[in-house]
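Trainee: Test case, fold it:
(2 chains)
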Amino acid sequence: DQQVKQNSPSLSVQEGRISILNCDYTNSMFDYFLWYKKYPAEGPTFLISISSIKDKNEDGRFTVFLNKSAKHLSLHIVPSQPGDSAVYFCAAVYPGGGADGLTFGKGTHLIIQP
Amino acid sequence: KAGVTQTPRYLIKTRGQQVTLSCSPISGHRSVSWYQQTPGQGLQFLFEYFSETQRNKGNFPGRFSGRQFSNSRSEMNVSTLELGDSALYLCASRSTSQGRNTEAFFGQGTRLTVV
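Mentor: Residues are numbered from 1 along each chain as shown, chains lettered A, B, ... in the order given. Model prediction:
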């Protein structure tokens, strides 16, 4: 049972436009969410996170929005750049400390078109 | 500050063999987690170690095991390898067990191919 879902395996966006990556979760126990970016042959790198007590967190070109009632979060990248082409993973954490592992979605492959 | 180091980077094994993968976390990080990445299943949590103790385990068979040493370095072992174990195995470290506000830093992974 996939508790964190990224329903779009891939997304193509023109350079300079906004990229919106979506993530849905089913378990209301999750209280902390993260986005990771992964290039081929490299490990995921942390991008941005959000606590469930917030509905928005912004870091430069990256903004994450959280809609708890809909159990939905999204990552906005604006403007999109060629270096943003990568696989993006949404992840969620249970409360009670970091002893629990991250639960990841299957990823969305973002392709930035020149 | 050195990042998370995983060795080896690539490995080819035959079915039925066993394999040991190594992970050295970022200096000072005491929490080490292991993940399996496959094209069909994405990133799946294997287990996490903190201070030499397994704190949590994902839904993997007992053929997958791990341990952590006093210097926080961790190893994972897969016995009786199956073709389906072919994957990228990623190790992640965090500074404390209170990971709510600390992100995990990943190594480059070990690409295991079982033939």
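Trainee: Please enumerate the helices of chain A.
Mentor: Using DSSP state H, chain A contains no helices.
Trainee: Can you pull out the low-pLDDT segments for it?
Mentor: A:1, A:95-101 (pLDDT under 70).
Trainee: ok, 90 please
Mentor: A:1-3, A:27-32, A:40-43, A:93-104 (pLDDT under 90).
Trainee: And for chain B?
Mentor: For chain B, the ranges with pLDDT under 90 are B:1-2, B:28-31, B:38-45, B:48, B:50-51, B:55-59, B:94-105.
Trainee: please redo it, this time with the cut-off set to 80
Mentor: Scanning chain B with the threshold set as pLDDT under 80 gives B:1-2, B:39-41, B:95-103.
Trainee: That one against chain A: which residues are in contact?
Mentor: Residues of chain B lying near chain A by C-beta under 8 Å from any C-beta of the partner chain: B:4, B:6, B:31, B:33, B:35, B:41-48, B:50, B:55-56, B:58, B:90, B:92, B:94, B:96-109, B:111. Quick note: C-beta positions are derived from backbone N, CA and C, even for glycine.
Trainee: ok, how many other residues are close to residue A:103?
Mentor: Using other C-beta atoms under 10 Å in any protein chain shown, residue A:103 has 21 neighbouring residues.
Trainee: Quick one, which of the residues of chain B next to chain A are buried?
Mentor: Buried by 16 or more other C-beta atoms under 10 Å in any protein chain shown: B:4, B:6, B:31, B:33, B:35, B:42-48, B:50, B:55-56, B:58, B:90, B:92, B:94, B:97, B:99-100, B:102-109, B:111, out of these.
Trainee: So which of the residues of chain B next to chain A belong to strands?
Mentor: Counting by DSSP state E, the residues of chain B next to chain A place B:6, B:31, B:33, B:35, B:42-48, B:50, B:55-56, B:90, B:92, B:94, B:105-106, B:111 in strands.
Trainee: how much space between the closest residue to residue B:104 other than its chain neighbours and residue A:14?
Mentor: Leaving aside its chain neighbours, residue B:104 sits nearest to residue B:92 (3.8 Å; criterion: C-beta to C-beta, 6 or more residues apart in numbering or on different chains). Here the criterion is C-beta to C-beta, to the nearest Å. By it, residue B:92 lies 33 Å from residue A:14.
Trainee: same check, this time on residue A:84
Mentor: 12 Å.
Trainee: With residue A:104 instead?
Mentor: 28 Å.
Trainee: Correct me if wrong: the residue nearest to residue B:104 contacts residue B:33.
Mentor: Yes - with contact defined as C-beta atoms under 8 Å, residue B:92 counts as touching residue B:33 (4.7 Å).
Trainee: got any residues that touch both of those two?
Mentor: Taking C-beta atoms under 8 Å, 6 or more residues apart in numbering or on different chains as the criterion, residue B:92 and residue B:33 both touch A:102, B:104.
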